[in-house]
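Engineer: my questions are about this predicted structure, shown below with the sequence.
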Amino acid sequence: MVTIKELEHLAVLSRIQLTDEDKVSLVKEFDSILGYIDQLKKVDVDMDGSSRVGAVKNVMREDVASSSEIVGSADFAATKGETRERLLDEAPDREGDFVAVKKIIAQDIKL
Amino acid sequence: MKIDIKKLDIAKAHEHLIKGDFTSVELTQTYIDEIKRVNGDINAYLEVFDDAIESAGSADKEIAEARSAGESTLLGLSQLIGIPCGIKDNILVKGHIASASSKMLEGYHATYDATVISKLKAAGAVILGRTNMDEFAMGGSTENSAYGVTKNPYDISRVAGGSSGGSAAAVAMDGALFTLGSDTGGSIRQPASFCGVVGLKPTYGAVSRYGVMAMGSSLDQIGPIGKTVTDCEIIFNVIHGKDRKDGTTIDEKTYENGDASAKPIIGVPRHFLNGDGIDPAVIENFNASLETFKKKGYEIRDIELPNVSYSLMVYYIVMPAEVSANMARFDGMRFGLHKDGKNGIEDYFLSRRAGLGREVIRRILLGTYVLSSGYYDAYYNRANAVRCMITEDFYKAFQTVDVIVTPTTPSPAFKIGEKTSDPMAMYLEDIFTVTANLTGMPAISVPCGFAPKDKSLGREVDLPLGLQITARHADEKTLFKVGKDLLGEL
C-alpha cells in the first residue's frame, strides 16, 4: 500500500536516512499497520463535526500581562548567566554564546 | 530498627520516619543496596544518583527540626518527606542525565527540573535515580530501550511491560517506594499490571508536563506507580494541580463532579471483552474481580460503548501524527547527538538516523504519512472525529455508572522477544488502555490476582494481572475509593 518511492519521500520530509534494507522491512510493516488502521475508513462518521461535544474541555484565562517568575525574581541576573551556560553546554558545538551550525546558504547571494 | 522493605509502603515508612524508628539516610541506603543486589538481573534502573544520600540527609534534618518544633509541625510534614523514589528517564531532574533511553540523548543533562520534580523535591522526596523505558516512551515492553530490556521481577524471561517498564519493575523489585511514569496509551498501567503493582494515569491536564519529553501531546500524562492505591493517592495529591508553565493543566473548577454515590456503580462493556487474542485466564480473573465487587455490595451494570472497538485504530493515527511533530526537535544542533555530514541538511539526516531507534523512526514516518497532503482527511481528521464519538460513548455511559472496569491488558507479561518482529502484535497490547488517553479520563490499574502457572503455555510461574478502572474527568477520588476497596485498603 506504500511504495518504496513514497517511503523515500516520507524519509526526506522527516529528515531520516534509510538504508535499502530499512525500506524493504518498513514497507512490509506499513502494510500491516495501515491494513489495520484503514478499517477506520468504514466508520460512518459526520466529518462536519458541528454536533460534536466529545473534545476535552477548553481552559480559558484572563489575558493579563505578568512578568515570568524567573525574570521577576531577585536572583534573575545571577541565574540568567547560569541558565544560558547550562543550555549552551548541551549544544554539540558552540562559538562563544552561540550554538554553532554549518552554513546554510552555499554561496554568497548578490542582491 | 531493622528495615524490612518488603513490608513497607509510603504510609508505613512515613510513620517510622516520623517516630524516628529509622532515618531517611538509612532507608535510602537500604534501597540503594537492594538496587545493587537485584538491578543486574532486572535492569530497572539506568542510573542511581550519587546525590540521593545527600537529599535523604536534608530530609532527616527537616524531620529533626520539625520534631524539636513540636508535634503539630511534625504531623504537618509531607508524607513524602524522606521517601525514596525512582523517576522515568524522560522526566527532567536538573543536572542529571535524562536520556529517554535513547542514543539521541545519551549524554544530555537536564537543564532544569520538571514541575513534578520541583513538587517532589519540595515535599522532601528522595530521588534514587532514573528508570529504564522504551525509547522516548514508544513501545509496550521496554525492549525498545537503547540500554537493554527491563525484565519482569516475577519471571526474568518475560518483559516488565512498557513504556514505563523500569518504573514498574523498580517498585515490584523493592527498588523504590514509588516511581513516576508517563502514559500516552497505557505506558503506566500496562507495566504496572505486568509487575503486580498499582499505576495511575490521571485526567488529561491534572499533572503538569512541564519538563517532560513530549510524545503525543493530546494524550500524554504523568502519573505514579506504587505498591498500594493509598500510596498512589498520596503521590497524586502532591504532583497534581494547575501550572502556569503547562497551559493544558486544569484546576479544581475545570470539571464539575458531584460526589459519587456511596457505593459507586460499576459498568462493564461486555461486548468489548469477547475479541480474539484475550487470554482465557484474564477473562476468568476479571469475572472473579466482578464477583468480589458484588460480594462487597456493588451494583454492576452492563454498558455499551458502540465505538470503543475503533479506539486502537484512532490511537495509531493520532499518536504517530503527534510523535512526528514532537520528534522534529531532535536536529543534532541544539542538544543531543550530532553526526557530522557534508552540509547542514546532511547533519540532520545522519544525526537522526544514528540517534533514533527503529520504533521511533517507524512512528515518525507513519505520522508523516497520515498527516501528508492527500491523506490528512482520510486519516487524521477522520481519527479525530471518531475520537470524539468514543468520548461521547463514555459520557453517555457515565450517565448511568460511576466507573467502568476492564482488564488492563489482554494477557499477562509476554516473553522477551515474542512480539519484537511484529509491531502490530505489540500495538494490540494497548487495546484496553488507549481509550483513557483518547478521552482524557483518569484510569488506574490495580493488581487483581494471577494467571496461574501452566507449563503447557510456557508459564513457569504465576503471573500478575491488573484490573483497569476508569472514571469521569477529574474524578480520581472515585478511582482511589473503588481501588482501595478491591485491595482491602479501606
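Structural biologist: Yep, that arrived. Numbering: from 1, shown residues only, chains lettered A, B, ... in the order given.
Engineer: at the geometric centre of chain A, which residue sits there?
Structural biologist: residue A:14 (9.6 Å; C-alpha atoms, centre = their mean).
Engineer: what's that residue in contact with, if anything?
Structural biologist: Residues in contact with residue A:14, defined by C-beta atoms under 8 Å, 6 or more residues apart in numbering or on different chains, are B:324, B:352, B:364, B:365, B:368. Any C-beta I mention is one placed from the backbone N, CA and C, and that applies to glycine too.
Engineer: number of residues surrounding the residue nearest to residue B:178 when sequence neighbours are not counted?
Structural biologist: The shortest distance from residue B:178 to any non-neighbouring residue, by C-beta to C-beta, 6 or more residues apart in numbering or on different chains, is to residue B:226 (4.3 Å). Close neighbours of residue B:226, defined as other C-beta atoms under 10 Å in any protein chain shown, add up to 25.
Engineer: phi first, then psi, for residue B:226.
Structural biologist: Residue B:226 adopts backbone torsions of phi -150, psi 180, taken as degrees, to the nearest 10.
Engineer: mind listing which of the contacts of residue A:14 are in strands?
Structural biologist: The strands, defined by DSSP state E, take in nothing from those.
Engineer: can I get those in JSON lines including distance to residue B:196, neighbour count and pLDDT?
Structural biologist: Converted to JSON lines, those look like this (distance: C-beta to C-beta, whole Å; neighbours: other C-beta atoms under 10 Å in any protein chain shown; pLDDT from 0 to 100):
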{"residue": "B:324", "distance to residue B:196": "35", "neighbour count": "22", "pLDDT": "97"}
{"residue": "B:352", "distance to residue B:196": "38", "neighbour count": "26", "pLDDT": "97"}
{"residue": "B:364", "distance to residue B:196": "34", "neighbour count": "27", "pLDDT": "98"}
{"residue": "B:365", "distance to residue B:196": "36", "neighbour count": "23", "pLDDT": "98"}
{"residue": "B:368", "distance to residue B:196": "38", "neighbour count": "23", "pLDDT": "97"}
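Engineer: and of these, the nearest to residue A:104?
Structural biologist: Within the contacts of residue A:14, the smallest distance to residue A:104 is 17.4 Å, found for residue B:352 (C-beta to C-beta).
Engineer: now the nearest residue to residue A:102 once chain neighbours are set aside: how far from residue B:331?
Structural biologist: Nearest in space to residue A:102, with sequence neighbours left out and distances taken as C-beta to C-beta, 6+ apart, is residue B:344 at 4.1 Å. Counting by C-beta to C-beta, to the nearest Å, the separation of residue B:344 from residue B:331 is 10 Å.
Engineer: elements contacting the host helix or strand of residue B:37?
Structural biologist: Using DSSP states H and E, residue B:37 sits in helix B:24-42. Under the contact criterion of 3 or more C-beta pairs under 8 Å, 6 or more residues apart in numbering or on different chains; DSSP states H and E, helix B:24-42 touches helix B:10-19, strand B:45-48, helix B:52-69, strand B:84-88, strand B:126-131.
Engineer: if we use 6 Å, what do you get?
Structural biologist: Applying 3 or more C-beta pairs under 6 Å, 6 or more residues apart in numbering or on different chains; DSSP states H and E, we find helix B:24-42 packed against strand B:45-48, helix B:52-69.
Engineer: hang on, the earlier thing: okay, the residue nearest to the centre of chain A: pLDDT?
Structural biologist: If you check residue A:14, the pLDDT there is 96.
Engineer: for the helix holding residue B:37, what is the distance to the chain centroid?
Structural biologist: On the basis of C-alpha atoms, centre = their mean, to the nearest Å, helix B:24-42 sits 22 Å off its chain's mean C-alpha point.
Engineer: okay, it in CSV with CA atoms only?
Structural biologist: Taking Å, rounded to 0.1, in the frame of the first residue of the first chain, the C-alpha atoms of helix B:24-42 are listed here in CSV:
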residue,chain,number,x,y,z
SER,B,24,15.8,8.6,55.6
VAL,B,25,19.5,8.0,55.1
GLU,B,26,19.2,4.5,56.5
LEU,B,27,16.1,3.9,54.4
THR,B,28,17.7,5.3,51.2
GLN,B,29,20.8,3.2,51.8
THR,B,30,18.7,0.1,52.2
TYR,B,31,17.1,0.8,48.8
ILE,B,32,20.4,1.6,47.1
ASP,B,33,21.8,-1.7,48.5
GLU,B,34,18.8,-3.6,47.2
ILE,B,35,19.1,-2.0,43.8
LYS,B,36,22.8,-3.0,43.7
ARG,B,37,21.7,-6.6,44.6
VAL,B,38,19.0,-7.1,42.0
ASN,B,39,19.3,-4.5,39.3
GLY,B,40,21.9,-6.6,37.4
ASP,B,41,19.1,-9.1,36.7
ILE,B,42,16.2,-6.8,36.2
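Engineer: quick one: mean pLDDT over it.
Structural biologist: For helix B:24-42, mean pLDDT is 98.
Engineer: same question for stretch B:431-446.
Structural biologist: So the average pLDDT for stretch B:431-446 ends up being 97.
Engineer: one more: stretch B:211-224?
Structural biologist: Mean predicted confidence for stretch B:211-224 is 97.
Engineer: buried residues in it, which are they?
Structural biologist: By neighbour count on 16 or more other C-beta atoms under 10 Å in any protein chain shown, the buried set for stretch B:211-224 is B:211-216, B:218-224.
Engineer: next step: these restricted to strands.
Structural biologist: Using DSSP E, those in strands are B:221, B:222, B:223, B:224.
Engineer: now the stretch 201-350 of chain B against chain A: closest residue?
Structural biologist: Going by C-beta to the nearest C-beta, chain A is nearest to residue B:338 of the stretch 201-350 of chain B, at 3.4 Å.
Engineer: quick one: is the longest helix seen in chain A near chain B?
Structural biologist: The helix spanning the most residues in chain A, taking DSSP state H as the definition, is helix A:20-37. Yes - on the criterion C-beta under 6 Å from any C-beta of the partner chain, helix A:20-37 is in touch with chain B at A:29, A:32, A:33, A:37.
Engineer: that's a helix at residue A:82, yeah?
Structural biologist: Yes - counting by DSSP: H, G, I helix; E, B strand; the rest coil, residue A:82 is part of a helix.
Engineer: from residue B:109, how far out is it?
Structural biologist: Taking C-beta to C-beta, one finds residue A:82 at 13 Å from residue B:109.
Engineer: before I go, just wanted to say thanks for your time.
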